[in-house]
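1. Pasting the sequence and the predicted coordinates here, then a few questions.
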2 protein chains.
Amino acid sequence: MGGFAWVTLATNDSYSLGALVLAHSLKQSATNHQLAVLVTPGVTKSMRVKLGSVFDVVQEVNILDSKDESNLRLLKRPELGVTFTKLHCWRLTQFEKCVFLDADTLVLKNCDELFERDEFSAAPDVGWPDCFNSGVFVYRPSVETYDKLVQFALEKGSFDGGDQGLLNLYFNDWAHKDISKHLPFIYNMCSTACYSYLPAFKQYGSNVKIVHFISSTKPWLQYFDTESRQVQPAGDMHHLKSVLQCWWDIFCSLIHPNLTSDMAGLAGAF
Amino acid sequence: MGGFAWVTLATNDSYSLGALVLAHSLKQSATNHQLAVLVTPGVTKSMRVKLGSVFDVVQEVNILDSKDESNLRLLKRPELGVTFTKLHCWRLTQFEKCVFLDADTLVLKNCDELFERDEFSAAPDVGWPDCFNSGVFVYRPSVETYDKLVQFALEKGSFDGGDQGLLNLYFNDWAHKDISKHLPFIYNMCSTACYSYLPAFKQYGSNVKIVHFISSTKPWLQYFDTESRQVQPAGDMHHLKSVLQCWWDIFCSLIHPNLTSDMAGLAGAF
Ligand SMILES: O=c1ccn([C@@H]2O[C@H](COP(=O)(O)OP(=O)(O)O)[C@@H](O)[C@H]2O)c(=O)[nH]1
Ligand SMILES: O=c1ccn([C@@H]2O[C@H](COP(=O)(O)OP(=O)(O)O)[C@@H](O)[C@H]2O)c(=O)[nH]1
Ligand SMILES: [Mn+2]
Ligand SMILES: [Mn+2]
């Protein structure tokens, strides 16, 4: 086995919309690599079919397996559920190296050079920049690493209750050991940066390759005018209008026409 | 000449209060190194006397010198004034190596190990973390570097109109070249981090050695109850109450008793 893949995750049909737009943005960037999405039982059958039309691999995770000791132990810790789900990406051992992308990211330019990096590479977080943001990272699938991460999660937990707090405790030498593991911020530009340091956004924004719509800045939560087909971002998010418009253009042309009423959440509502 | 020094800057009596508290916090940390403050004509005589009682060096800068070509050229670009002022720190060539600290920082623990670092070392900024924050940095005084910086300022300017935008353009390989030049965030914890990523602050906050009260979070702008002698920080800043109380304890015990009515700005108002 071998090869490189972009990997994302969706636990429901709403986040699947993000995953679909992300996948199309990767194709538009003319990537040479495969696309994989991890789904949980919360994603409907009809959405999986849609995902299968653009992703090379649609992998169900969180299926309970009584022979898997780690899973059994996690069953007793339901609060670690979402954190655990992202960890499944290490089990895609059919690939040699992967880049994980949150479903709320959008690829603006070809980023295939990311596969030249090693595990564990990520970009700094805007909240506490000696932590990395876990929305974009380079990793090497390995059942051994997966098992260690699960073990670690059970023993130490996560300081923020999510995968970011867990992964930062596990890969705890990221901040100060090896500069090559610091992905440039243009590979994970957190959307809030456009207003928290606007002059830097104006200076460096045109270099951005991947935008990450963190917390409440999700593209699908912005107001979209169906008449004009223009997104109308709230408040300071207007600095990201052109990028949000990109997201909606993909959504309207390639995804919305194929949504069906048996999909759930936001996807069923459109 | 030689030796190491902590260097700060005050262009008026209000910022001088910050400089004074900072100096006392450095002394409380039992530093082995000297303290220097750059002042401009906007600092009153009586405040300079006060500064001189705690700083080893009180250096007036921005004095026009017709023999200094750089200064003459800057005269025609008044908008670069504040940026230019911080650059003067490179002229303190009586010291071999220095750490610049904004007057709105507070030292909580001994940080003398910072002098083992080389120029140009700084911690990531929370706004755009591939930029460093210019509130704390290690540098090597040098008239040559000073001249180059002034030249650069005149040619390229600053993308944010301040010293941070200028220094980031000048030391533009900081983000990706040498991990040893990335100061840990605990040497320049921007105060907004305590609410923008509270779980990380709870996890790592007790390691913080220098707090930086950026933008409107200045200690002297927080409400202080003169009856109880307790600071009452607004909103999310309550997570930094103990650190703000430190600032005010130094201010009340060591600085306020010696303020006089011929001081200007906030200092004269107390
Ligand atoms: O209900 C959820 C929440 C999260 N996710 C996945 O986990 C990632 C991380 O969550 P999110 O992006 O919302 O967190 P943020 O980046 O805002 O911290 C998402 O992008 C999705 O890939 C998901 O599938 N379902
Ligand atoms: O009117 C001013 C503004 C700034 N400063 C000095 O320049 C530093 C940078 O400004 P500030 O800390 O206000 O900027 P911030 O850290 O909030 O970006 C201050 O700490 C002071 O040392 C000053 O002396 N007078
Ligand atoms: Mn995300
Ligand atoms: Mn400052």
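-> Great, that's in hand. Keep in mind that this is a model prediction, so the values were computed, not measured. Ligands and ions are numbered 1, 2, ... in the order given.

2. Just want the most central residue of chain A.
-> residue A:102 (0.9 Å; C-alpha atoms, centre = their mean).

3. In three-state terms, how would the closest residue to that one other than its chain neighbours be classified?
-> Spatially, and ignoring its direct neighbours in sequence, residue A:102 is nearest to residue A:135 (3.9 Å; C-beta to C-beta, 6 or more residues apart in numbering or on different chains). In this view, the C-beta of every residue, glycine as well, is placed from N, C-alpha and C. Applying DSSP: H, G, I helix; E, B strand; the rest coil to residue A:135 yields a three-state assignment of strand.

4. Contacts only, for residue A:135.
-> With contact set as C-beta atoms under 8 Å, 6 or more residues apart in numbering or on different chains, residue A:135 has these partners: A:101-102, A:104-105, A:188, A:190, A:212, A:214.

5. Looking at these, which is nearest ligand 4?
-> residue A:190 (22.2 Å; C-beta to the ion).

6. Could you double-check that that closest one sits in contact with residue A:124?
-> No. Residue A:190 is not in contact with residue A:124 according to C-beta atoms under 8 Å; the separation is 9.4 Å.

7. any residues in contact with both of those two?
-> residue A:133.

8. higher neighbour count, these two?
-> Neighbours were counted for residue A:190 and for residue A:124 using other C-beta atoms under 10 Å in any protein chain shown; residue A:124 has more, 28 against 24.

9. hang on, isn't the more buried one packed against residue A:136?
-> No. Look at residue A:124 against residue A:136 with C-beta under 8 Å: they stay out of range, at 11.2 Å.

10. Tell me the buried residues in stretch A:164-181?
-> Buried residues in stretch A:164-181, counted by 16 or more other C-beta atoms under 10 Å in any protein chain shown: A:164-171, A:174-175, A:181.

11. repeat for stretch A:139-157
-> A:139, A:141, A:145-147, A:149-150, A:152-153, A:157.

12. Return the subset of the residues you listed lying in strands.
-> residue A:139 (DSSP state E).

13. Most widely separated two among the buried residues of stretch A:139-157?
-> Within these, A:141 and A:157 form the most distant pair, 23.7 Å apart (C-beta to C-beta).

14. In chain A, which helix is the longest?
-> With secondary structure taken from DSSP state H, chain A has its longest helix at helix A:13-28.

15. which helices and strands does the helix or strand just after it pack with?
-> Downstream of helix A:13-28, the first helix or strand assigned by DSSP states H and E is strand A:34-39. Using 3 or more C-beta pairs under 8 Å, 6 or more residues apart in numbering or on different chains; DSSP states H and E, the elements in contact with strand A:34-39 are strand A:4-10, helix A:13-28, helix A:45-52, strand A:57-60.

16. how about 6 Å then?
-> Helices and strands touching strand A:34-39, by 3 or more C-beta pairs under 6 Å, 6 or more residues apart in numbering or on different chains; DSSP states H and E, are strand A:4-10, strand A:57-60.

17. Next, the angle helix A:45-52 makes with it.
-> Relative orientation of strand A:34-39 and helix A:45-52, computed by axes from the mean of the first three to the mean of the last three C-alpha atoms, to 10 degrees: 160 degrees.

18. Sheet partners, orientation included, of strand A:34-39?
-> strand A:4-10 (parallel), strand A:57-60 (parallel) (DSSP bridges).

19. Out of those strands, the one nearest residue B:55 is which?
-> Among the strands paired with strand A:34-39, if distance is taken as C-beta to C-beta, the winner is strand A:4-10, at 54.8 Å.

20. That closest one and ligand 1, are they touching?
-> Yes. Strand A:4-10 comes into contact with ligand 1 (C-beta under 6 Å from any ligand atom), by way of A:8-10.

21. What's the ChimeraX syntax to select whichever of those residues are buried?
-> Here is the ChimeraX command that selects only those of these that count as buried (16+ other C-beta under 10 Å):
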select /A:8,9,10
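
22. now the residues of strand A:4-10 next to ligand 1 in JSON lines, with pLDDT?
-> Below are the residues of strand A:4-10 next to ligand 1 laid out as JSON lines (pLDDT from 0 to 100):
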{"residue": "A:8", "pLDDT": "98"}
{"residue": "A:9", "pLDDT": "95"}
{"residue": "A:10", "pLDDT": "94"}
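
23. Which one of the residues of strand A:4-10 next to ligand 1 is nearest to chain B?
-> Checking those against chain B by C-beta to the nearest C-beta gives residue A:9 as the nearest, at 21.0 Å.

24. Show me what that closest one is bridged to.
-> residue A:38.

25. And it, how far from residue B:261?
-> 64 Å (C-beta to C-beta, to the nearest Å).

26. about what we covered before: quick one: closest of the strands paired with strand A:34-39 to residue B:113.
-> Here strand A:4-10 is closest among these (C-beta to C-beta), at 40.2 Å.

27. now the closest one and helix A:13-28, what's the angle there?
-> 160 degrees.

28. hmm, strand A:4-10 in reach of ligand 3?
-> No. Strand A:4-10 stays clear of ligand 3 (C-beta under 5 Å from the ion), getting no nearer than 9.9 Å.

29. before we move on, what about stretch A:20-29?
-> No. Applying C-beta under 5 Å from the ion, one finds stretch A:20-29 separated from ligand 3 by no less than 10.7 Å.

30. That stretch vs ligand 1: in contact?
-> No. Using C-beta under 6 Å from any ligand atom, stretch A:20-29 stays clear of ligand 1, coming no nearer than 8.9 Å.

31. Run a quick neighbour tally on the nearest residue to residue A:175 once chain neighbours are set aside.
-> Nearest residue to residue A:175, sequence neighbours excluded (C-beta to C-beta, 6+ apart): residue A:130, at 4.1 Å. Other residues near residue A:130 number 23, with proximity taken as other C-beta under 10 Å.

32. Give me the pLDDT for the residue in chain A that ligand 4 sits nearest to.
-> When you check chain A against ligand 4 by C-beta to the ion, the closest residue turns out to be residue A:197, at 14.0 Å. On pLDDT, residue A:197 comes in at 94.

33. mind checking how far it is from residue B:200?
-> 19 Å.
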